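Enquirer: sequence and predicted structure below; questions after.
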Amino acid sequence: MAHELYPESTTDVRNRRRTLAPEQLAAFEAFSRAAFAGGALSAKTKQIIAVAVAHITQCPYCIEGHTKAAQRAGATPEELMEAVWVAAEMRAGGAFAHSTIMLNALDHQHSPA
C-alpha cells in the first residue's frame, strides 16, 4: 500500500483538530487573521513573504496554501518566484554565514599532546 509522506489535509482532519482543541484552534485562527490583515504591509505583500518563509520552513501545506492566498491577493507568478529566490539566497546565506563558527573552531582547536 502506498503511503504519502504528507497526507492530504481533508475536512475530516480539520474537523478533528477543532474537536480535539477548539479553543486553541480558535486562538490560532484569530492570530492568523490578524497577522495576514493589511496594515503597514499589504495583505498581498504578507502572503508573498509567507510563500518565501514556507520554502525556508519546507512546509508543503504552507507552500500550497499561501501560494493560493497570494494569488487571490493579486500576487503574480513572477513575484512569487522572485520571493522563492530570495528565500533560497537567505537559506544559502545562512549556511555561508555560519561558516564563521567552523572557522573559529578551526582557529581554536587544540594541538594533539
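Expert: Noted; the coordinates are in hand.

Enquirer: is residue 95 within a helix or a strand, and which one?
Expert: Remark: residue 95 resides in helix 77-97, with elements defined by DSSP states H and E.

Enquirer: and residue 109, by the same measure?
Expert: Using DSSP H and E, no helix or strand contains residue 109.

Enquirer: distance check, it against residue 101.
Expert: To residue 101, residue 109 is 13 Å away according to C-beta to C-beta, to the nearest Å. For every residue, glycine as well, the C-beta is placed using N, CA and C.

Enquirer: ok so, going back, quick check: which helices or strands does the helix holding residue 95 pack against?
Expert: Applying 3 or more C-beta pairs under 8 Å, 6 or more residues apart in numbering; DSSP states H and E, we find helix 77-97 packed against helix 43-57, helix 60-72.

Enquirer: how about low-confidence regions in this structure?
Expert: Regions of the chain meeting the criterion pLDDT under 70 cover residues 1-3, 110-113.

Enquirer: count of neighbours near residue 30?
Expert: Number of residues near residue 30 (other C-beta atoms under 10 Å) recorded here: 10.

Enquirer: cool, and the one 4 residues further on?
Expert: The number of residues packed around residue 34, counting by other C-beta under 10 Å, is 9.

Enquirer: what of residue 59?
Expert: Around residue 59 there are 14 residues (other C-beta under 10 Å).
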